[in-house]
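J.: would you be able to build a 3D model of this:
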Amino acid sequence: MPERLRELTSDETGRFDPRVCRIQFDRHQAIAVHDVTSDCRQPTADELPDQRYLAYGTSITEGAAASVPHTDYVTPVARNCGVDALNLGCSGSAYCEGAMAEHIAARDDWDVATLAISVNMAASGGFSPEEFHERDDDFVNTIAAAHPEKPITCVTLFPYCDDVTESGDAEHATAYRETLRSIVEDSPHDNLSLVEGPELLPLSGLAADLLHPRDYGMKRIGDELSQRLDV
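T.: A predicted model of the protein is given here:
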């Protein structure tokens, strides 16, 4: 631990105790952790935030085009809301898998969640809006039913290439957003709510692939989304 942190006397250090450290690895490198050795221990409950935010989504949620791991959009949401973060971004997938729905539903270590679903389903061409409706309806309602007391916010597609390119399919993107909107509206679970992805991210926040947000776009999503969560 840095010597000055050992001597820190102020408690005004944010949502974590100043002696709590989080290790983050670059997403592109395979890392095997064999052991942790030093003068350290697991943090106690009073050294951590009272609540934890779970985020599910694609590589956008994972932070694919962010310059470093902590410039994804999940981190500023957690920082702005004063909570801990649990990032379940799934690069190249996030197909509203039943196994993932059951996994999130079975976990009891989160208090609020966002489900950003799913540009991978829309952009791959492998899922029609009708197929998306069937899978997504099961996905969000499985999680909501298991945690009726926890607020869950569904996020429609962020702006991406289908919306703005000549070869894109804007109607397809619109159909996906309308589908998720209707699923939330028709759900019997009151803990589900909806946020429109285009309201969180300007087109100028995207990288050159017109799909992944860069650092500016990630921060915009994080700042806007944190204002819409029930934390």
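J.: need the residues that contact the lowest-mean-pLDDT helix or strand in the chain.
T.: Taking mean pLDDT, DSSP states H and E as the measure, the helix or strand of the chain with the lowest value is helix 3-6, at a mean of 80. Applying C-beta atoms under 8 Å, 6 or more residues apart in numbering, the contact partners of helix 3-6 are 18-19. Yep, even glycine has a C-beta here, placed from its N, CA and C like the rest.
J.: how about 6 Å then?
T.: Pro18 (C-beta atoms under 6 Å, 6 or more residues apart in numbering).
J.: and Arg6, how many neighbours?
T.: 9 (other C-beta atoms under 10 Å).
J.: cool, and Glu131?
T.: 14.
J.: for the most centrally placed residue in the chain, list each beta-bridge partner.
T.: For the chain, the residue nearest the mean C-alpha position is Ala55 (3.0 Å; C-alpha atoms, centre = their mean). Assessed by DSSP bridges, Ala55 has beta-bridge partners Asn87, Thr114.
J.: report pLDDT for it.
T.: On pLDDT, Ala55 comes in at 98.
J.: which strands or helices does the one helix or strand Thr153 maps to pack on?
T.: Per DSSP states H and E: Thr153 is located in strand 152-155. With contacts defined as 3 or more C-beta pairs under 6 Å, 6 or more residues apart in numbering; DSSP states H and E, strand 152-155 has these neighbours: strand 112-116, strand 192-195.
J.: do you know how far Ala105 is from Glu97?
T.: Distance, Ala105 to Glu97, by C-beta to C-beta, to the nearest Å: 12 Å.
J.: likewise Thr153?
T.: 19 Å.
J.: so for the two, which residue has more residues nearby?
T.: Comparing Thr153 with Glu97 by other C-beta under 10 Å, the one with more neighbours is Thr153, at 20 against 14.
J.: list the contacts of the more buried one.
T.: 114, 193, 195.
J.: of these, keep whichever come out buried.
T.: 114, 195 (16 or more other C-beta atoms under 10 Å).
J.: just the closest of the contacts of Thr153 to Thr174, please.
T.: Of all these, Val195 has the smallest distance to Thr174: 16.5 Å, by C-beta to C-beta.
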